[in-house]
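Enquirer: Provided below for reference: sequence and predicted model.
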Amino acid sequence: MPPSRASADALLSWYDRHARRLPWRTPPGGPAPDPYAVWLSEVMLQQTTVAAVIPYYERFLSRWPTVSDLAAAPQDDVLTEWAGLGYYARARNLHKCAKVVADEHGGVFPDTEDGLRALPGIGAYTAAAVAAIAFGQPATVVDGNVERVMARLFAVTEPLPDSKADLKRLAATLTPRKRAGDYAQAVMDLGATVCTPRSPSCLGCPWQEPCAAQSEGIQDQLPKKRRKTAKPVRRGVAFWVIDGTGRALLRKRPDSGLLGGMTEVPSTPWQEDATWTPDAALPHAPVTVEGWRPLPGLVRHTFTHFHLELAVLTAALSHPGPEDAGRWVDVADMGGEALPTLMRKVVKHALQAALDPHH
DNA sequence: TACCCGTGGAG
DNA sequence: TCTCCAAGGGT
């Protein structure tokens, strides 16, 4: 491993000129931002793009201005506000964390990496990020950006995730004691805007000269990663029922696992290599009625590790729906439901078919 | 350790 | 259409 002449000062100087202005940020060299705002943004940004996060961040901060406000909210309200952002365990842990901070820490976030790391939903990355950005501690922040920057700067050719520990050690050798928060954001900004996964802009990089990968011309090939396995297809049948008062039947999913705690349109299990016939699907129907009919087309959705194809069976009741079947919700009130994107697709598909004169 | 866990944009 | 992947954490 050749010693790098990369310096934190060179990167901070670049950051002073190129820092992106983001809603949760204070300007370079400025006062530290509110720890609650930093934590909220960091949790939302886990595996999620800045563009997707911004509107959610603004709504959360407006609705719950402090961690104690968030702690006092019902979990369903938090899940409804999070709906569409994905990885819903983040929302459940966000709420859990807020309650711990409010109840056990007097509404004040711990200011150390270890203290933060002990909270729900805060792992190694987020603990370091909040400690550095909100509290100015010289913690080494390692996210996907930092891994990529370090892999190139030091020409680490071992593939991820095997190289994770090495990349973290290398990152730690560069972390400065001063301006820790600015530096943490600077490395990530460098990765997001200059040292990008494809076609990095080495000419504008403050670390071009010391970059080992750039000098070898292999920056496009790093970091190496192991091949990902193909996604299988799972299939299921969803049941769209409207009762005699114009309400649709929804349910709350179990509070752990896929889409945990979120609202769903009832369905059969989702099975790999399954072809659902009506006879196979109907035993899973949430209400017993005659006259189920299939809607044309399929609802397609892709999750992290499988593709889903959902057929939809629909039926109409002539009376108010049975209360034990689930929750009967007026179609006009769907906006207030914790419906993940997949379920919004199902609702849209069903409503669209109801308006479509072809069938 | 390896797997589970969403979504949308880019190329 | 398809693959990659984005400020990861939990188990």
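Expert: Thanks, I have the structure now.
Enquirer: wait, what's in contact with the residue in the stretch 151-300 of chain A positioned nearest to DNA strand B?
Expert: At 3.9 Å from DNA strand B, A:Leu258 is the closest residue in the stretch 151-300 of chain A, using C-beta to the nearest atom of the strand. C-betas here are computed from N, CA, C, even on glycine. Counting by C-beta atoms under 8 Å, 6 or more residues apart in numbering, A:Leu258 makes contact with A:Phe303.
Enquirer: I'd like to know the phi and psi angles of it, please.
Expert: phi -60, psi 130 (degrees, to the nearest 10).
Enquirer: before we move on, what about the one 5 residues further on?
Expert: For A:Thr263, the backbone dihedrals are phi -80, psi 140 (criterion: degrees, to the nearest 10).
Enquirer: need the pLDDT of it.
Expert: If you check A:Thr263, the pLDDT there is 98.
Enquirer: where's it relative to A:Arg17, distance?
Expert: A:Thr263 sits 46 Å away from A:Arg17, going by C-beta to C-beta, to the nearest Å.
Enquirer: the two: who's more crowded?
Expert: A:Thr263 (24 against 8; other C-beta atoms under 10 Å).
Enquirer: for the more buried one, give me its contacts.
Expert: Contacts of A:Thr263 by C-beta under 8 Å, 6+ apart are A:250-253, A:327, A:337-340, A:343.
Enquirer: now cross-check those against DNA strand C and list the overlap.
Expert: Among the contacts of A:Thr263, no residue lies close to DNA strand C (C-beta under 7 Å from any atom of the strand).
Enquirer: ChimeraX command to pick out the buried ones of the residues you listed?
Expert: Buried residues within the contacts of A:Thr263, by 16 or more other C-beta atoms under 10 Å, are selected in ChimeraX with:
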select /A:250,252,253,337,338,339,340,343
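Enquirer: for A:Phe60, state which of the contacts of A:Thr263 is nearest.
Expert: Using C-beta to C-beta, A:Ala338 comes nearest to A:Phe60 of these, at 14.3 Å.
Enquirer: before we move on, what's the pLDDT of A:Pro2?
Expert: 50.
Enquirer: okay, now whichever residue of the stretch 101-250 of chain A sits closest to DNA strand C: neighbour count?
Expert: Nearest residue of the stretch 101-250 of chain A to DNA strand C, counting by C-beta to the nearest atom of the strand: A:Gly123, 2.6 Å away. When neighbours are counted by other C-beta under 10 Å, A:Gly123 registers 11.
Enquirer: does it touch A:Arg117 like I think?
Expert: Yes - counting by C-beta atoms under 8 Å, A:Gly123 touches A:Arg117, with 7.2 Å between them.
Enquirer: picking up where we left off before, and the two most separated of the contacts of A:Thr263?
Expert: So, those by C-beta to C-beta: farthest apart are A:Arg327 and A:Pro340, at 15.8 Å.
Enquirer: any residue of stretch A:144-156 touching DNA strand B?
Expert: No - Stretch A:144-156 stays clear of DNA strand B (C-beta under 7 Å from any atom of the strand), getting no nearer than 10.8 Å.
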